[in-house]
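Asker: how would this look folded up:
(chains A and B)
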Amino acid sequence: MAARGDIRALFTGRRRFLVDAARVTGAAMVAGLGLAIYARQAYPLPADALRPPGALSEDEFLGACIRCGLCVRDCPYDTLDLARLGEGPATGTPYFTARRVPCEMCDDIPCIKACPTGALDHKLTDIGKAKMGIAVLVDQENCLNFLGLRCDVCYRVCPVIDKAITLETQHNPRSGKHAIFLPTVHAEACTGCGKCEKSCVLEEAAIKVLPLRLARGKLGEHYRIGWEEKERAGESLAAPDTEHQYNLPEGYRYESGGRGLVAPERKSP
Amino acid sequence: MIANRVIIGAEAIATKGWFRANRFLLARRTSQLGILALFLLGPLAGLWIVKGNLNSSLTLGVLPLTDPYVLLQGLVAQHWPELTAIVGAGIVLGFYFLVGGRVYCSWVCPINLVTDAAAWLRRRLGIVSVSRMPRATRQALLAVTLLVSAVTGTVAWEFINPVSMFHRGLIFGPGLAWAVVLAVFLFDAFVSPRGWCSHLCPVGAFYGVVGRASLMRVRAQRRAQCNDCGDCYQICPEPQVIRAPLKGEAGAGPVIRDSACTNCGRCIDVCSKDVFVLGTCFSKNESPTAGSAAGPEPHPAAVTQDAPGGCRPPARHSLTLAK
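Answerer: Alright, predicted model coming up:
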């Protein structure tokens, strides 16, 4: 009978409180660890999901966005949507897919004004400075301009035409007598609005807006570009800056950055 | 089993009529569905009275309302919000401080419709079991969600919060949120009675903290008339809050002070003796004569003064984690 009393003592009074407290704490810790792992997994945003203009960097954004959808409601072009559970971005956070509906770059940026927490940074007042992503011509082999045609659509629709996308000419070796107009993105001016990706005439866009982490390379911190340093300093830092010696046939000259190889003038017979 | 089942509140319906025995339930459903309708009028009918969702909304373009628990997670994740969210959270905090923190749970939260349906199904099927989870699990979970928010730098609970997922799903499109809501229903109906709202949900735990000293309270005003039918205990999602004020245990006054009480008023509905009323925490004396004049003599405990302590919940004399 004493044994039964002992067992009952396990479930009463202080003992019971301690057991219950341990269970509660244990259960909460298990839930917390699961939640922490799940939360960490949400970090890398899918490559085709773009955040609204002014969005903080993804790790800051997930601590600032309260998933209210007010930005979605104030977007006049129905560009934005809240991620549903099971879609790529963290559930309830706003995003858009450029190929579906791109950002129209409103001057007054109503989505940022609507954000109650500043997950969309209220300091961004010039939509031209937005960095939702960077357009990248990911498939040169299928781009019509690279094939030598004059599609030019991505260039024409770009809201920052001739700054964010330019057409760079190049000899077309296939025909031997035409030019190729290469659509070329300049990341400094590109806002990542996605109009180029949306309007690409191919079945699958050859130009795509990628998040900055995927779109950009980065020089080593120690790396210095010689000609920039030279210009800044007014002289070469790798002294002495000697002129290159050319070993040329008699009478020939080489103008660096100028005419190139210059033949001696021939006296007409 | 089912043949023996007694419908809770049957006596109340017999004595007070169906409407008076269900008026708080009807009012609550009106409130829950009305709030949902306000949010849905925009996307469905283009009538933008309220924009956003329960996490943060803007009413008529001027009134910001923000869920303080969600904002708190953002704060511990080290993000300082814009003024709009702070003002919105302040208004919400003030409101629930006055009317009772967990009024959110029973009058606003859409998941309450789901868990009430699960509780109803349990009663219909005669599933009798006790939850093995201590009710304090939710407080622990509340603490843990804030800890995880701080460690991961995210608004952590929002990754899996069924409350906001359900509400957002209805307004912005569900995705797989329906599966989460179904899981809550099945859990409550078959695994653990009142498992979600009364044991696990950290949102409810948070609002419980908000309402610890709130003014609006249910009172066992005419507790002397109690005939011990037990209907209030059976219907109450947090039955542990009733005993002391109803029975005057340890000199307790008639005010239900426990912050777990959701002010749902269902006990008022199902009581055939009109023991409970909704009032403020300031009432000092009960009024045994306010009911039927031919009522029984007041219980000895009935005439005692209200226990001191203002609107705060009673101090726990013993260490218990009520189940």
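
Asker: what's the local residue count around the one residue in the stretch 101-250 of chain B that gets nearest to chain A?
Answerer: Per CB to the nearest CB, residue B:175 is where the stretch 101-250 of chain B lies closest to chain A, at 2.4 Å. The way it works is simple: take the backbone N, C-alpha and C, and place the C-beta from them, glycine included. Residue B:175 has 19 neighbours, counted by other CB atoms under 10 Å in any protein chain shown.

Asker: what residues are up against it?
Answerer: Counting by CB atoms under 8 Å, 6 or more residues apart in numbering or on different chains, residue B:175 touches A:83-87, A:91, B:169.

Asker: again, only using 10 Å
Answerer: Counting by CB atoms under 10 Å, 6 or more residues apart in numbering or on different chains, residue B:175 touches A:82-87, A:91-92, B:165, B:168-169.

Asker: hey, what's it bridged with?
Answerer: According to DSSP bridges, the partner residues bridging residue B:175 are residue A:85.

Asker: where does the chain have low pLDDT?
Answerer: Let's take chain A. For chain A, the stretches flagged by pLDDT under 70 are A:1-12, A:43, A:239-241, A:268-269.

Asker: should've been chain B
Answerer: Looking at chain B by pLDDT under 70, you get B:1-6, B:283-310, B:314-323.

Asker: hmm, try it at 80
Answerer: B:1-7, B:128-132, B:250-251, B:282-323 (pLDDT under 80).

Asker: quick one: the strands in it?
Answerer: Using DSSP state E, the strands of chain B run over B:50-53, B:56-59, B:63-66, B:216-219, B:277-280.

Asker: quick one: strands adjacent to the first one?
Answerer: Paired strands of strand B:50-53, with direction, are strand B:56-59 (antiparallel) (DSSP bridges).

Asker: which bits of the stretch 51-200 of chain A sit near chain B?
Answerer: Within the stretch 51-200 of chain A, the residues that sit near chain B (CB under 10 Å from any CB of the partner chain) are A:56, A:59-74, A:81-87, A:90-94, A:113-122.

Asker: any idea how far the spatially closest residue to residue A:199 that is not a sequence neighbour lies from residue A:196?
Answerer: Closest residue to residue A:199 apart from its sequence neighbours, by CB to CB, 6 or more residues apart in numbering or on different chains: residue A:157 at 4.6 Å. Relative to residue A:196, residue A:157 is positioned 6 Å away (CB to CB, to the nearest Å).

Asker: which one's more surrounded, the two?
Answerer: Taking neighbours as other CB under 10 Å, residue A:157 and residue A:196 compare with residue A:196 leading, 30 against 17.

Asker: my guess is the more buried one meets residue A:138, correct?
Answerer: No: under the criterion of CB atoms under 10 Å, residue A:196 is not in contact with residue A:138, lying 11.5 Å apart.

Asker: can you check which residues contact both of those two?
Answerer: A:205-208.

Asker: could you pick out the buried ones from the residues of the stretch 51-200 of chain A next to chain B?
Answerer: Burial by neighbour count, judged by 16 or more other CB atoms under 10 Å in any protein chain shown, picks out A:56, A:60-74, A:81-85, A:87, A:90-94, A:114-121 from these.
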